[in-house]
Each structure stands twice: as structure tokens, then as C-alpha cells.
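Undergrad: Dropping a prediction and its sequence here:
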Amino acid sequence: MGKRAAVEVEGARELRRALLELGYDVANDLKTVNLEGAEQVLEVALRRVPVRTGRLRDTVRASATKTRGSIRAGFKRIPYAGPVHFGWPARNIQPNPFLYDAMDERRDEVVQAYSDNITNLRKKYGL
């Protein structure tokens with residue numbers, strides 16, 4: 001469907017595993033860290049999303065799990081999110097990768113916030 005804009009963190013899986021082995025249930029802490037990063041990108045994505053009626057903008061949302069944060073746009077009833085973002089050459093729709101552009105704009109800030117939050121978690125759990 002297209003490239004994924006992402007920030008990958010080396011050692012994140014190992015950190016989660018180490019904390020679990022020590023008996024810490026950090027799922028909620030990690031989800032909060034990942035959601036914070038996603039919300040930083042969401043702020044920019046909402047400014048970049050093209051608006052005609054506002055229906056597409058209203059579907060842009062952040063979510064997180066213990067392993068990742070993500071930004072999504074569209075629902076079944078808003079099927080044009082993909083063509084708007086990735087384009088549709090057969091219909092002369094040019095891509096407007098507003099989600100990727102938002103990630104690119106905030107990448108350094110997300111990486112720094114993630115690093116700071118993981119450092120705080122390590123301190124919280126005495127690692």
C-alpha cells in the first residue's frame with residue numbers, strides 16, 4: 001500500500017522483556033510512552049490533513065499499545081483516506097502523505113521524548 005513512516009527503537013523489545021522478567025508489569029507505562037509520541041505527531045497531522053468537509057480530519061486519531069504508537073485516518077464509512085494519502089493515479093488523485101509528513105516533521109522530538117520517557121521508566125524501576 002505504501003511505505004510506513006516509523007521510528008524504530010533498538011533495544012525496546014529487550015527492555016520490555018527484562019522488565020517483565022523482573023516482575024514488573026509495565027504495559028500501561030509503555031502504552032503511555034507510546035501514546036505521547038503518537039499524540040505529538042497527531043498534532044501536526046491534524047494541521048496537514050486536507051479539509052473539504054472535515055469528515056476525513058475527524059477520523060485522524062492516535063492510538064498506542066505497549067509496543068508501538070500509531071496514527072490512523074479513515075474508517076469504513078470514510079474509504080477515501082487511503083487514496084487521499086497515497087494517491088490514485090488512475091483517477092488523477094495526487095498523493096498527499098500528510099501522516100508521513102507529520103511524522104517527518106516531528107521525528108526528532110518523538111525520539112527525544114521517547115528516550116526521556118524510557119530513562120524515567122528505568123529510574124522508576126531502578127534499572
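TA: Happy to help now that I have it.

Undergrad: Could you use CA atoms for every contact and neighbour count after this?
TA: Will do.

Undergrad: Pull the contacting residues for the nearest residue to Arg106 once chain neighbours are set aside.
TA: Closest residue to Arg106 apart from its sequence neighbours, by CA to CA, 6 or more residues apart in numbering: Val41 at 6.0 Å. By CA atoms under 8 Å, 6 or more residues apart in numbering, the contact set of Val41 is Ile71, Ala102, Met103, Arg106, Val110.

Undergrad: Adding pLDDT, secondary structure and neighbour count, write those out as TSV.
TA: Below are the contacts of Val41 laid out as TSV (pLDDT from 0 to 100; DSSP: H, G, I helix; E, B strand; the rest coil; neighbours: other CA atoms under 10 Å):
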residue	pLDDT	secondary structure	neighbour count
Ile71	93	strand	20
Ala102	95	helix	22
Met103	93	helix	24
Arg106	93	helix	19
Val110	90	helix	21
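
Undergrad: ok, so what distance separates Pro89 from Arg52?
TA: 20 Å (CA to CA, to the nearest Å).

Undergrad: what does Leu15 give?
TA: Using CA to CA, Leu15 is found at 44 Å from Arg52.

Undergrad: more crowded one of those two?
TA: Set Leu15 next to Arg52 and count neighbours by other CA atoms under 10 Å: Leu15 wins out with 14 against 8.

Undergrad: what stretches of the protein score poorly on pLDDT?
TA: 1-12, 19, 22-25 (pLDDT under 70).

Undergrad: Quick one: residues contacting the most centrally placed residue in the chain.
TA: Closest residue to the average C-alpha location of the chain: Ser70 at 2.8 Å, with CA atoms, centre = their mean. By CA under 8 Å, 6+ apart, Ser70 lies in contact with Leu35, Ala38, Ala62, Ser63, Ala64.
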